[in-house]
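In: need coordinates for the below:
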Amino acid sequence: MFKNKVVLFEIPASDFKKAKEFYEKVFDWKIELWGDEGAMAYTTAVDKDQNPVEPGAINGGFYKRKSNNDHPSFGVQTDSIDETLQAIEKAGGKITTPKHAIGEWGFMADFTDPEGNLITLWEKPKK
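Out: Model prediction:
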């Protein structure tokens, strides 16, 4: 079994209502607005813990665009963000957003690879 799977995507948006309308019409996604904080994008059905039930499927969300340089990104799940960030720096990547809690869902951090691509890390909460 592979480790460190792609588990989410993030799309910047200046107007979450417009993004909701567009992605629901074009892709038939279900978009749940979170006020000015962002929106959740469901591309597939989820279980009671909000995990996709279809193997290989992922859900994602929208975050508030801060500049025209913001671009869509994806998230990789890891067992330990701390260990992964160390490996990223050793391999030539750069940490752009340190590890931080995301409520009951665990932790996130962002990094850029040596080519400058922004990627998100996600660590589930320990039970």
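In: the protein: helices as residue ranges?
Out: 16-27, 81-90 (DSSP state H).
In: pull the CA atoms of the shortest one into CSV?
Out: Once non-C-alpha atoms are left out, helix 81-90 reads as follows in CSV (Å, rounded to 0.1, in the frame of the first residue of the first chain):
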residue,chain,number,x,y,z
ILE,A,81,4.1,16.7,9.2
ASP,A,82,7.1,17.4,11.4
GLU,A,83,9.1,14.5,9.8
THR,A,84,7.9,15.3,6.3
LEU,A,85,8.9,19.0,6.6
GLN,A,86,12.4,17.9,7.7
ALA,A,87,12.6,15.7,4.6
ILE,A,88,11.3,18.5,2.4
GLU,A,89,14.0,20.9,3.5
LYS,A,90,16.7,18.2,3.2
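In: quick one: it to chain centroid distance?
Out: 18 Å (C-alpha atoms, centre = their mean, to the nearest Å).
In: check the longest one too.
Out: When distances are taken as C-alpha atoms, centre = their mean, helix 16-27 is centred 18 Å away from the chain's centroid.
In: other residues contacting that helix?
Out: 11, 13, 29-31, 33-34, 36, 38-39, 41, 43, 62 (C-beta atoms under 8 Å, 6 or more residues apart in numbering). Any C-beta I mention is one placed from the backbone N, CA and C, and that applies to glycine too.
In: tell me the buried residues within the residues you listed.
Out: 11, 13, 29, 31, 38-39, 41, 43, 62 (16 or more other C-beta atoms under 10 Å).
In: give me the number of residues near the nearest residue to residue 52 once chain neighbours are set aside?
Out: Distance criterion C-beta to C-beta, 6 or more residues apart in numbering; nearest residue to residue 52, sequence neighbours excluded, is residue 44 at 4.8 Å. Close neighbours of residue 44, defined as other C-beta atoms under 10 Å, add up to 13.
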